[in-house]
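# Coordinates for the following, if possible.
(chains A and B, ligands or ions: 2)
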Amino acid sequence: MTEQRVVSPEELFPEVPESIFLFRSCTGSMEYPGTENAIKEVMNKLGVKIVMDPDQTCCSGYLLTCSVYKPELSLAVTARNLAIVERQNLDTYMFCNGCYGYNRELAHIMKHNPAYMQMANDVIGKQGYKYEGKTEIHHVQELWYRLKDEIAAKVVRPLKGLKVGVHYGCHYLAQQYRILDDGGYPTFHEEIIAAIGGTPVFYKERQACCGYSVGRGFTHKEETVQPHLYKKFKSAKEAWVELMTTTCPGCNVGLDREQPNLNKRYEDEFNIPVIDIAQLIALALGVPLKKLGFEANTISLDGILNRLGIERGE
Amino acid sequence: MPREKYSDKNDNLYKQVDAYNLVENLESCLSCGKCVGNCPVASLSPSYNPRQVISDVLNGNSERWLKSEEIWRCFWCAGCATVCPNDIQFPLLMMQLRYRAVENNYGLKYIMPFKRFAVRAREDGLTFAPSEKGREKIRRYRSNLGTSPWPEISDRAIAEYKELFDLTGATEHLEKLSDEAEKPVSLSYTEGRIIND
Ligand code: SF4
Ligand code: SF4
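Ligands and ions are numbered 1, 2, ... in the order given. Sure, this is the predicted structure:
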């Protein structure tokens, strides 16, 4: 039970990998496609090669936690996807906390219950796959932290002290096994923000979740999601947060799309753009705006771009 | 007035809920309540209380939670598990409590909206691919980025994903899912009232 909980980035990655398998996220490639693209652009600048595979499917965790999938299906899907990564002999990098949390948890369950591993392998065996449990599952943000200094050295558009409130997202912090930071009081995002010239803001509810997971954004919007998010944004606004960053396109949906509804219901004025931390890094590293897909955002980035002196056409 | 009390815990009792055997250490719960203090839902809805849920499940009193609206409020954020001194994975218990509720025809209205998503995901190999109008927007945004208009998922991936539904009984499970026999759930807390009329 008591695996080491907090590891240093050097311990997690003794060598910076030459190639990584980037696990496609449904939300990150459809709702906010700029997320996936920003990661590709930044990795390219950092010299890390990205491998993806069109045979990979949805991770199938979200609908499991919405109680419409049974674990058997999601276990088999996880085993199949990870078997595809193992074919390439690479480690798996997620950029959605959902994909990360579900794959990590389901892989953990299979590795510790031979009967579950067997069940999954029997099923995917019919399709010619075998999952061995070899590929390590990481979150892309771990690599950002490991390469923090390299990233800082490549900054061409410093953030001019932009006040950034980070949103960690719970499905990373809850994975207590060998995560980078203390799940109870993490600071590694703030360190990344500071490294690229932003001012990290420790607003009170920074660790409050997006409220949208397991479908509550559909079933309990008024009862719990909105009052919960209202607390979060109120504390962010009070701390003068100008921009919020996430590491999960799913969190983005809750935080970005819900703000206009909060404004209506609570007669407040929240207008805090929400983007993936990779998009902010890409911005600082000079990736052209049109590669970042901000047009998908509900809360416009215009104010931030003006503030940073970035022209729309850049 | 009923009190939480010590009782000889019977292993099999809580395994009725933990049918998949995912929370092997529930009995080590100290009733310390740290989970409650870190639970965003408990802070909004006082009648939702993960420590109380655990205590009731251990004592074989899960029935009242199955009939409750409260269990459908949990965000699955694992704030509880993050602070638990004994690493109890409460969200994995909650997941199974919801399965039990649904088996008993409670809370179906909270999962039926996702049947539609599930049926569509089975065809797409992706979750949350919207209807045609929304798809156009995705294609436009992606094209503007200079990437392929649609996420690069192969026909093979889509076909095999669908096949896994059949091989694991998920197709049948989804087809059977209906709210015809739905039984009502209720919330036991009303602001400003001790007893609900
Ligand atoms: S924090 Fe853990 S040990 Fe304490 S009451 Fe909650 S589940 Fe039990
Ligand atoms: S997972 Fe559920 S019980 Fe645990 S802290 Fe989050 S809302 Fe509360």
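# Going by C-alpha atoms from here, please, whenever you check contacts or count neighbours.
Noted.
# can you give me the end-to-end distance of stretch A:302-312?
8 Å (Cα to Cα, to the nearest Å).
# That one and chain B, are they touching?
No: counting by Cα under 8 Å from any Cα of the partner chain, chain B is not contacted by stretch A:302-312; separation bottoms out at 14.0 Å.
# List the buried residues for that stretch?
Buried residues in stretch A:302-312, defined by neighbour count with 16 or more other Cα atoms under 10 Å in any protein chain shown: A:I304, A:L308, A:I310.
# what's the helix-or-strand element of chain B with minimal mean pLDDT packed up against?
One helix or strand of chain B scores below all others by mean pLDDT, DSSP states H and E: helix B:11-15, with a mean of 80. Applying 3 or more Cα pairs under 8 Å, 6 or more residues apart in numbering or on different chains; DSSP states H and E, one finds that helix B:11-15 contacts helix B:50-58.
# packing partners for the helix it packs on?
Looks like helix B:50-58 contacts helix B:11-15, helix B:34-37 (3+ Cα pairs under 8 Å, 6+ apart).
# Dump the C-alpha coordinates for the least confident helix or strand of chain B into PDB.
The C-alpha trace of helix B:11-15 is given here as PDB (Å, rounded to 0.1, in the frame of the first residue of the first chain):
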ATOM      1  CA  ASP B  11     -16.500  -9.000   5.800                       C
ATOM      2  CA  ASN B  12     -19.200 -10.300   3.600                       C
ATOM      3  CA  LEU B  13     -21.500  -7.500   4.500                       C
ATOM      4  CA  TYR B  14     -19.500  -4.800   2.700                       C
ATOM      5  CA  LYS B  15     -18.500  -7.000  -0.100                       C
END
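# Excluding sequence neighbours, find me the nearest residue to the spatially most central residue of chain B.
Nearest to the mean C-alpha position of chain B, by Cα atoms, centre = their mean, lies B:M95 at 4.1 Å. Distances taken as Cα to Cα, 6 or more residues apart in numbering or on different chains place A:T65 nearest to B:M95, at 6.6 Å, with adjacent residues excluded.
# Test my guess that that neighbour contacts A:V214.
Yes: the pair A:T65 and A:V214 passes the contact test of Cα atoms under 8 Å, sitting 5.1 Å apart.
# the helices in chain B, which residues?
B:11-15, B:34-37, B:40-44, B:50-58, B:63-66, B:79-83, B:90-103, B:112-124, B:132-145, B:155-167, B:170-176 (DSSP state H).
# Show me the one of the ones you listed that comes nearest A:E86.
helix B:155-167 (16.0 Å; Cα to Cα).
# what comes into contact with the closest one?
With contacts defined as Cα atoms under 8 Å, 6 or more residues apart in numbering or on different chains, helix B:155-167 is touched by A:54-57, A:73, A:76-77, A:123-124, A:127, B:122-125, B:170-172.
# out of these, which are buried?
Buried among these (16+ other Cα under 10 Å): A:55-57, A:73, A:76-77, A:123-124, B:122, B:124-125, B:170-171.
# Make a markdown table from those residues and add distance to B:S28 and pLDDT to it.
Below are the buried ones among the contacts of helix B:155-167 laid out as a markdown table (distance: Cα to Cα, whole Å; pLDDT from 0 to 100):
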| residue | distance to B:S28 | pLDDT |
| --- | --- | --- |
| A:D55 | 42 | 98 |
| A:Q56 | 39 | 98 |
| A:T57 | 38 | 98 |
| A:L73 | 30 | 97 |
| A:A76 | 30 | 97 |
| A:V77 | 32 | 98 |
| A:V123 | 35 | 97 |
| A:I124 | 36 | 98 |
| B:R122 | 39 | 96 |
| B:D124 | 42 | 96 |
| B:G125 | 40 | 97 |
| B:A170 | 33 | 96 |
| B:T171 | 37 | 95 |
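# which one of those residues is nearest A:L22?
Distances from A:L22 to those, taken by Cα to Cα, are shortest for A:Q56, at 10.2 Å.
# Look at the residue lying closest to the closest one once chain neighbours are set aside and say how many residues are nearby.
Distances taken as Cα to Cα, 6+ apart place A:N81 nearest to A:Q56, at 5.5 Å, with adjacent residues excluded. Residues near A:N81, counting by other Cα atoms under 10 Å in any protein chain shown, number 25.
# Then A:V85?
26.
# what residue of chain B is the furthest out?
B:G146 (37.8 Å).
# Surely it touches A:L292?
No: checked against Cα under 8 Å, the pair B:G146 and A:L292 is beyond contact range at 10.4 Å.
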